[in-house]
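Colleague: Give me a 3D structure for the following:
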Amino acid sequence: MKKDYSISLNNPGRGLLRHVNIHVDKHVTNGFALLNPTRERTGFTLIELIIATSILAIIALLIYPAYRASSRSYQLSVVQSNLQQNTRIGMKKMVKELEAGVVVIPEESNDAKAEGSINYVYEKDKPFKMAFYAWDSTPEQLSDNDIIALYAALSTANTEPVGPAFSSEGEEPLLYIRKYSSSEWSDPEPFILSDVKLTQLNFIIGGDKKDQILITLELAQQGPLREWRTFELVSAARLGAR
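Modeller: This next block holds a predicted model:
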């Protein structure tokens, strides 16, 4: 039914008052809608999203340096632990083998020659290799006895001794052992893992103590910043100690 908003001539005050009340109600309702706009929306405004994103970005920038430093510190500790473990294992194995020997094969001997021109005998100017007779061996009967060779060599050509200090960049010498028995050399066996580099290996016969051998072993591995980390260990072994 259509409402009549006209003003009556018989009672003009009543019609005018009614007309004014209707218009006042409309403006009051619209005013409340403007003052409380959240009653009709459910999402975030663009400004709110920008502010929240900016806060999260600032927090991330503050946290990242600490996380990066912690990550590098952890990676470095892993490298150092790996170096120490490999160095100690390699040194322990060498000492064990040397203490099972009796005589170091000197430079003038041909007993420790291998294929071609390879020679594992002890030379003072090439301390990265050494060959010695096992405890139950005698130099007079080589065909029936064992010879043990400890030496540094490249992983791609592990039968040829090589000086670790003179290896080219990118080459990673390893520590090897070979055994000679019944006129035949066994296959080379590495003493350390291939993810580390042998940077120093010295066998030095200890002065007046002809049966004592000083060993210096140093390994290296790249750290989290691609820099090389090293660990060195020095020990002594006495021939025939076992």
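Colleague: what kind of secondary structure is the one residue sitting closest to the centre of the chain in?
Modeller: Centroid-nearest residue in the chain, with CA atoms, centre = their mean: residue 79, separated by 4.8 Å. Three-state call for residue 79 (DSSP: H, G, I helix; E, B strand; the rest coil): helix.
Colleague: could you pull out the helices for this protein?
Modeller: With helices called from DSSP state H, the chain shows them at 12-35, 46-98.
Colleague: Could you tell me the least trusted of these?
Modeller: Mean pLDDT values for the helices of the chain show the minimum at helix 12-35, a mean of 49.
Colleague: just checking, residue 171 touches residue 152?
Modeller: No: using CB atoms under 8 Å, residue 171 is not in contact with residue 152, being 11.0 Å away. Glycine gets a C-beta too; all of them are placed from N, C-alpha and C.
Colleague: Neighbour count: the two, which is higher?
Modeller: When neighbours are counted by other CB atoms under 10 Å, residue 152 comes out ahead of the other of residue 171 and residue 152, with 25 against 14.
Colleague: contacting residues for the more buried one?
Modeller: 128, 129, 161, 162, 163, 164, 173, 174, 175, 176, 198, 201 (CB atoms under 8 Å, 6 or more residues apart in numbering).
Colleague: buried subset of those residues?
Modeller: Taking 16 or more other CB atoms under 10 Å as the criterion, what is buried in those is 128, 129, 161, 162, 164, 173, 174, 175, 176, 198, 201.
Colleague: pLDDT wise, what is the first one at?
Modeller: At residue 128, the pLDDT value in this model is 94.
Colleague: pretty sure it contacts residue 167?
Modeller: No: contact status for residue 128 versus residue 167: not in contact, 10.2 Å apart, counting by CB under 8 Å.
Colleague: residues making contact with stretch 70-90?
Modeller: 175, 191-193, 195-196, 217-225, 229-233.
Colleague: Please identify the buried residues of that stretch?
Modeller: For stretch 70-90, by 16+ other CB under 10 Å, it's 79, 82, 83, 86, 87, 90.
Colleague: can you check stretch 192-208 too?
Modeller: 192, 196, 197, 198, 199, 200, 201, 202, 203, 205.
Colleague: Could you report the distance from the residue nearest to the centre of the chain to residue 224?
Modeller: 7 Å (CB to CB, to the nearest Å).
Colleague: With residue 84 instead?
Modeller: With CB to CB as the criterion, residue 84 and residue 224 are 17 Å apart.
Colleague: Leaving out chain neighbours, which residue sits closest to residue 232?
Modeller: residue 218 (4.1 Å; CB to CB, 6 or more residues apart in numbering).
Colleague: Distance of the residue nearest to residue 135 when sequence neighbours are not counted relative to residue 158?
Modeller: Excluding the flanking residues, the one nearest residue 135 by CB to CB, 6+ apart is residue 100, at 5.2 Å. Residue 100 sits 22 Å away from residue 158, going by CB to CB.
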